[in-house]
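*Asks:* no sequence for this one, just the structure:
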Ligand SMILES: [Zn+2]
Ligand SMILES: [Zn+2]
């Protein structure tokens, strides 16, 4: 961006530039937030800054399921009570929270960290796909639930994974329709999501 | 003429991006207003009634309310969903490629009815055709023509001499096919086989049905594709993102065929 005039102090302009990089933040919002932070007491500003740094230093990605975690492997991956023969594949960590809230799923998870979007140049190589393939090597996994979002990118991702995984002989299912097309999984209400999980269907070849 | 506060238009959703908590900005291509960004509120919530109608590659009737930055979708209805595109990755990847080219070639708010019709026809063809790649080549050649970037294929784009019926060169930077004398010196010129030149000419002059009659599997098809792609990349001064995904599907498809 950097359309800041000489009238804007350099450190403030730099903060505006940084905020503008965040998703959903336009130039106007970046400016508004920066001026809000400027008026904030120093102690609060320090708390915010250290929360960001601490999060970056202490939160990592689980080397198995790729979910965000403080310990690696994450709590779900080391939980002996969970069903290791089934993996639910989602786009984002928030989707795991949504699925765990239903309390009707006891299998494992896998976070892709995105969805295929050819126009935006996001392909399978930008997602945690090879990590998923790696998990199938042991032969323990018998079912993959494709729980990507019911929109164009999510469907493209599910179709791609189906192609990739089918030759491996694992059972592949997709969350049942009934989730409205175009919505994000993280906004699904619990009942709908629980029902969609129960009604998941085999992907026909 | 000022646009009324509430208006209706048909359009095809080219692409979308997230905005804030649950909104999206949609890039819509319309026959009357050209390409424009519109805001769709709340469509990422699974309770939204509009989101299904606003998926990329949907032809829909939009009711728009004038906003101060971008207009806002007040209502929508699907006219054509091109469903087969959504059920098949090979079709989908090509359709997204076509949508990306439209997005890159057409300027904002400049209407062009022929180009709109070309996109609608191409999406219908990609939903049905057997020869997806040749369909895409026909689309590329027509789009270049309509946007004023018609490749020169009759005479040498360098010296203006008639092209002889031999292998020549293709030089995007010179504007099309060049003779052996002009193409020998480099400048990104690559060999253009006589058969590929014939296919390119057919794509430029022939009807869609004519273009679909030629067999272009294998190396000839790839040669034509590479020449047209290099021309497009030269005009746009950037790569076409969706091309990489098509390439990947092809590569992995071939790999599976070998393993099976
Ligand atoms: Zn884990
Ligand atoms: Zn020449």
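*Replies:* All right, it came through fine. This is a predicted model, so every value here is computed, not measured. Ligands and ions are numbered 1, 2, ... in the order given.

*Asks:* contacts, neighbours, all on C-alpha from now
*Replies:* Fine.

*Asks:* List the buried residues for the strand or helix carrying residue B:124?
*Replies:* Per DSSP states H and E: residue B:124 is located in helix B:113-128. Within helix B:113-128, the residues that count as buried by 16 or more other C-alpha atoms under 10 Å in any protein chain shown are B:115-116, B:118-120, B:122-127.

*Asks:* List the contacts of that helix.
*Replies:* Helix B:113-128 is contacted from outside by B:29-32, B:57, B:82-85, B:91, B:94-95, B:98-99, B:102, B:132, B:135-136, B:139, B:142-143, B:146, using C-alpha atoms under 8 Å, 6 or more residues apart in numbering or on different chains.

*Asks:* Take the residues you listed and keep only those in strands.
*Replies:* B:29-30 (DSSP state E).

*Asks:* Please enumerate the helices of the chain.
*Replies:* Defaulting to chain A. Taking DSSP state H to define them, one finds helices in chain A at A:10-20, A:27-39, A:42-58, A:75-78, A:93-101, A:129-136, A:152-165, A:190-198.

*Asks:* my bad, chain B
*Replies:* Under DSSP H, chain B gives helices at B:83-87, B:89-105, B:113-128, B:132-146, B:180-183, B:194-205, B:208-213, B:218-236, B:241-259.

*Asks:* re the thing from before, dump the buried residues of helix B:113-128 to TSV, plus distance to ligand 1 and pLDDT.
*Replies:* Below are the buried residues of helix B:113-128 laid out as TSV (distance: C-alpha to the ion, whole Å; pLDDT from 0 to 100):
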residue	distance to ligand 1	pLDDT
B:115	49	96
B:116	47	97
B:118	48	97
B:119	44	98
B:120	45	98
B:122	44	98
B:123	41	98
B:124	43	98
B:125	44	97
B:126	40	97
B:127	40	96
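
*Asks:* Just give the closest residue to residue B:31, not the sequence neighbours.
*Replies:* Nearest residue to residue B:31, sequence neighbours excluded (C-alpha to C-alpha, 6 or more residues apart in numbering or on different chains): residue B:113, at 5.2 Å.

*Asks:* closest one to residue B:150 among the helices of chain A?
*Replies:* helix A:152-165 (32.7 Å; C-alpha to C-alpha).

*Asks:* which outside residues touch the closest one?
*Replies:* Under the criterion C-alpha under 8 Å, 6+ apart, residues A:91, A:115-117, A:133, A:146, A:148-149, A:172, A:174, A:182, A:203, B:55-56, B:86, B:88-89, B:92 lie in contact with helix A:152-165.

*Asks:* Please produce a ChimeraX select command covering the buried subset of the residues you listed.
*Replies:* In ChimeraX syntax, the buried subset of the contacts of helix A:152-165 is picked out as below (16+ other C-alpha under 10 Å):
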select /A:91,115,116,117,146,148,149,172,174,182 /B:55,56,86,89,92
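
*Asks:* what residues are up against residue A:200?
*Replies:* A:145, A:173-176 are the contacts of residue A:200 under C-alpha under 8 Å, 6+ apart.

*Asks:* quick one: low-confidence parts of chain A?
*Replies:* Applying pLDDT under 70 to chain A flags the ranges A:1-7, A:177-182, A:187-192, A:195, A:204-205.

*Asks:* domains of it?
*Replies:* Taking automatic domain parsing as the criterion, chain A consists of the domains A:10-58, A:71-202.

*Asks:* which one of the ones you listed has the most crowded surroundings?
*Replies:* With neighbours defined as mean count of other C-alpha atoms under 10 Å in any protein chain shown, these peak in mean count at domain A:71-202, which reaches a mean of 18.

*Asks:* Endpoints of that one, how far apart?
*Replies:* Terminal residues of domain A:71-202 lie 34 Å apart, using C-alpha to C-alpha, to the nearest Å.
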